[in-house]
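# got a predicted structure here, sequence first:
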Amino acid sequence: MAPLSDRSKNFPLGHGFYQPKEEMLELERRHKKLAIGIPREDYRGENRVCLTPQSVELLVSNGHEVIMERGAGLASNYTDKEYSENGALIVNQKKEVYQCDVVMQVSPFSGHEIDMLKGNQILFSALQTKSQCGENVRKLMQKKVTAIALELVKDRNNYFPVVRSMAEIAGISSIMIAGEYLSKAHGGKGVMLGGITGITPTEVVILGAGTAAEFATRAAFGLGAMVKVFDDSIYRLRRLEDHLGHRVFTSIFHPHVLQKALASADVVIGAMRHESDYKGYMVTEEMVQSMKSGSIIIDLSIDQGGCFETSMLTTHRDPVYKKHGVLHYCVPNVPSHVSRTASLALSNICSPLLLNVGQNGGIHKFIKHDIGLRHGTYVYRGILTNRKLGDTFGILAKDIDLLLAAM
């Protein structure tokens, strides 16, 4: 074997096996310009909008185009002038908005709206599984769209950011609404929600221990009310107390304990989460009959079937009715009651999402790397990927992970 000095003549220092190997770095993903359409919400009682003027300015400054139907933000007190000054293109015809590559709205797409789509687009909206119909799902598949449910999208911490934000708003709003309807001005018995020195505080019973229940509890405590929380999970009740930082009356759904609490309650809020294993109604009609005359029920779970046997769907225009002397408030989209705040919360989630889609080369590239967005996709390029919808309407649903691996 030749000495090192001889070998170095053939392979000078810095060359050959002495030379560092080049590392193959991932090339930066090509930025994709998005044409984003925001229609005016036609769904009755829906006052929210997905993007605020400030978010539009952010998107436009990053090279995207935002096309809005005239009046899209008026229900949240955002004028067309504000959107236009921040770079949005305002159009008169709804159909022009539905020709964009990306269409984003709060309410689920109706059959008429799906008919206006050009096809092969990206759709963001709520899904609301229980309000869907098989015909609309099949129309989306025929249009070869990729449809993403905002309430099913997860963040990096495995939470549902849209659901959590709207639940926070609904929880706080429920206490504000209860205060309104306990007042004499709205036909209540003239009781102030909370309490002052020397007067027994009002009693609030909350069914559920999720996010909406937690923020309803915080708001009620802040006003000085006496709060009792019921749930079918000891874990959720313990977590609620941990988040609040102090003890609160908690109980599982023991019928006698619940009935006694209802009999003395001024306000009862139904905030049970849809994944609860509890079957049937938490509160029967007989229990409602035992409640005090002039008390109020607010059913935040009405869009999932409701917590009370006496619950019936209402709207923001006609939100309450009285049964057995108890006022019932059963509006499904409570965050629309404070639409500007809710729109800000939605925009804080939607605008970064759209920016990430553009920076990562479009939805089809980004969805391969983002598990949370993939979780919210229920139709991918015309193929149903949500098993629950498939089982409901008898449509074959495929695994999105397998589809992405094959494409």
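Arrived safely, thanks for sending.

# for Cys100, give me its contacts.
Counting by CB atoms under 8 Å, 6 or more residues apart in numbering, Cys100 makes contact with Ala35, Ile36, Gly37, Ile67, Gln121. Backbone N, C-alpha and C define where each C-beta goes, glycine included.

# show me the shaky parts of the stretch 101-250 of the chain.
Regions of the stretch 101-250 of the chain meeting the criterion pLDDT under 70 are absent.

# got the contact list for stretch 395-402?
Contacts to stretch 395-402, defined as CB under 8 Å, 6+ apart, come from residues 134, 137-138, 141, 374, 377, 380, 383-387, 389-391.

# how far does that stretch stretch from one end to the other?
Distance between the two ends of stretch 395-402: 18 Å, counting by CA to CA, to the nearest Å.

# please report how far Lys118 lies from Asn136.
Using CB to CB, to the nearest Å, Lys118 is found at 17 Å from Asn136.

# who has more neighbours, those two?
When neighbours are counted by other CB atoms under 10 Å, Lys118 and Asn136 differ, and Asn136 comes out ahead with 18 against 13.

# which SS class is the more buried one?
In three-state terms, and counting by DSSP: H, G, I helix; E, B strand; the rest coil, Asn136 is helix.

# give me the number of residues near the closest residue to it other than its chain neighbours?
Distance criterion CB to CB, 6 or more residues apart in numbering; nearest residue to Asn136, sequence neighbours excluded, is Gly111 at 5.4 Å. Neighbour count of Gly111, defined by other CB under 10 Å: 10.

# do the same with Asp115
Count around Asp115 with other CB under 10 Å applied: 12.

# quick check: closest non-adjacent residue to it.
Excluding the flanking residues, the one nearest Asp115 by CB to CB, 6+ apart is Lys139, at 7.3 Å.

# so that neighbour touches Gly111, yeah?
Yes - Lys139 is within contact range of Gly111, at 6.4 Å (criterion: CB atoms under 8 Å).

# my guess is Ser295 contacts Leu327. True?
Yes - here Ser295 reaches Leu327: they are 7.3 Å apart, a contact under CB under 8 Å.

# who has more neighbours, these two?
Neighbour totals were compared for Ser295 and Leu327, and Ser295 leads with 26 against 23 (other CB under 10 Å).

# now do the same for the more buried one: its pLDDT.
pLDDT for Ser295: 94.

# list the contacts for it?
With contact taken as CB under 8 Å, 6+ apart, Ser295 is in contact with Ala265, Asp266, Val267, Val268, Val326, Leu327.

# over to Met176?
Neighbour list for Met176: Ala219 [criterion: CB under 8 Å, 6+ apart].

# same question, Arg340
Counting by CB under 8 Å, 6+ apart, Arg340 makes contact with Ser76, Asn77, Tyr78.

# wait, the last one sits on Thr52?
Yes - taking contact to mean CB under 8 Å, the distance of 6.4 Å between Tyr78 and Thr52 places them in contact.

# which residue is the nearest non-sequential neighbour of Arg164?
Using CB to CB, 6+ apart, the closest residue to Arg164 is Thr211 (5.4 Å).

# ok, that neighbour to His337 distance?
According to CB to CB, Thr211 and His337 sit 17 Å apart.

# do Ala35 as well
Using CB to CB, one gets 32 Å for the distance from Ala35 to His337.

# the two: which is more packed in?
Each of Ala35 and His337 has its neighbours counted (other CB under 10 Å); His337 has more, 20 against 15.

# wait, that one sits on Ile175?
No - counting by CB under 8 Å, Ile175 is not a contact partner of His337; they are 11.9 Å apart.

# name the element Val331 belongs to?
Assigned by DSSP states H and E, Val331 belongs to no helix or strand.

# how many residues are close by it?
By the criterion of other CB under 10 Å, Val331 has 24 neighbours.

# next one: Leu237
That count, for Leu237 with other CB under 10 Å as the rule, works out to 20.

# name the nearest residue to it, sequence neighbours excluded.
Excluding its sequence neighbours, the residue lying closest to Leu237 (CB to CB, 6+ apart) is Thr250, at 4.4 Å.

# what about that neighbour, is that helix, strand or coil?
The local conformation at Thr250, judged by three-state DSSP, is strand.

# distance of Asn86 relative to Ala345?
Distance, Asn86 to Ala345, by CB to CB: 19 Å.

# with Asp303 instead?
To Ala345, Asp303 is 18 Å away according to CB to CB.

# name the residue in the two with the higher neighbour count.
Neighbour totals were compared for Asp303 and Ala345, and Ala345 leads with 20 against 17 (other CB under 10 Å).
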